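[1] Here's a sequence, model it:
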Amino acid sequence: MGEDDRTLTLHGIRVAVLVENDFEDIEFSEPVKHLREGGAEVVIVGTGTSDSYKGKHGAQVTVDADAESVNPEDFDAVVIPGGYAPDKIRMSQPAVDFVKLADRHGKLIAAICHGPQVLISADIVRGRTVTSWHSIAVDLKNAGAIWVDRPVVIDGNLITSRKPEDLEFFSSAIIKLLVGKIEARKGVPLKAVGV
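    Reported below is the predicted structural model:
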């Protein structure tokens with residue numbers, strides 16, 4: 001992330017981060033770190049199968065709530081890290097419904113790597129431009145998405161990225177769009193915050 005991104009303030013912003021076992025550790029830790037450094041309140045949301053989940057590389061995460069107990073209207077954004085976790089998250093109807101409702105309410109939804117699998121299950125990619133880990137490109141296309149091979153893609157309230165190497169672009173896009181939300185609440189034009 002650039003120096004300018006680190007100086008942006010996210011106070012008053014609430015972000016739900018969806019997790020399950022076998023999430024990609026760095027795709028969880030990096031966005032969460034940048035969001036918290038910016039002053040956002042980060043709420044770790046699980047599927048309800050456990051109180052804590054383990055990443056692919058050993059990181060242990062304790063959840064703050066499960067998907068059934070949270071309301072997307074109470075958040076400004078949802079972040080979905082990749083790894084093998086999204087395939088498990090999409091088996092949780094409350095988690096899928098949470099993402100679907102968040103999209104319906106215009107909340108920012110950011111998914112990286114295999115994270116867009118959850119977007120497929122929530123049926124929110126049809127006609128939208130996205131990216132992902134290359135192996136699920138065909139799944140996204142079959143779900144009606146326009147898939148492109150770029151480090152980060154922003155389509156309305158959706159942010160998608162391909163892989164851990166894209167995390168700087170992914171985190172930066174999340175921060176800038178959330179700052180845009182704050183500035184829009186204050187009546188500042190979005191172009192003024194570089195979005």
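[2] Return the set of buried residues in the helix or strand containing residue 171.
    Here residue 171, judged by DSSP states H and E, is contained in helix 167-186. Within helix 167-186, the residues scored as buried using 16 or more other C-beta atoms under 10 Å are 167-183. The C-beta positions use only the backbone N, C-alpha and C, and glycine is treated the same way.
[3] Surely residue 16 and residue 70 touch.
    Yes: with contact defined as C-beta atoms under 8 Å, residue 16 and residue 70 form a contacting pair (6.4 Å).
[4] Can you check which residues contact both of these two?
    Both residue 16 and residue 70 are in contact with 43, 45, 98, where contact means C-beta atoms under 8 Å, 6 or more residues apart in numbering.
[5] Now flag whichever of those residues is closest to residue 33.
    The closest of the shared contacts of residue 16 and residue 70 to residue 33 turns out to be residue 43 (C-beta to C-beta; 15.2 Å).
[6] my guess is that closest one is in a helix, correct?
    No: the assignment for residue 43 by DSSP: H, G, I helix; E, B strand; the rest coil gives strand, which leaves it out of any helix.
[7] The residue nearest in space to the middle of the chain: what's it in contact with?
    Geometric centre of the chain, nearest residue: residue 79, 2.0 Å, by C-alpha atoms, centre = their mean. By C-beta under 8 Å, 6+ apart, the residues touching residue 79 are 15-18, 31-32, 35, 110-111, 174.
[8] can you map out the strands along this protein?
    For the chain, the strands defined by DSSP state E occupy 14-18, 41-46, 52-54, 60-62, 65-66, 77-80, 108-112, 129-130, 146-147, 152-155, 158-161.
[9] And the fourth one, how far out from the chain middle?
    If I follow you right, that is strand 60-62. The chain centre lies 18 Å from the centre of strand 60-62; the measure is C-alpha atoms, centre = their mean, to the nearest Å.
[10] can you pull the buried residues of that strand?
    Buried-residue list, strand 60-62, by 16+ other C-beta under 10 Å: residue 61.
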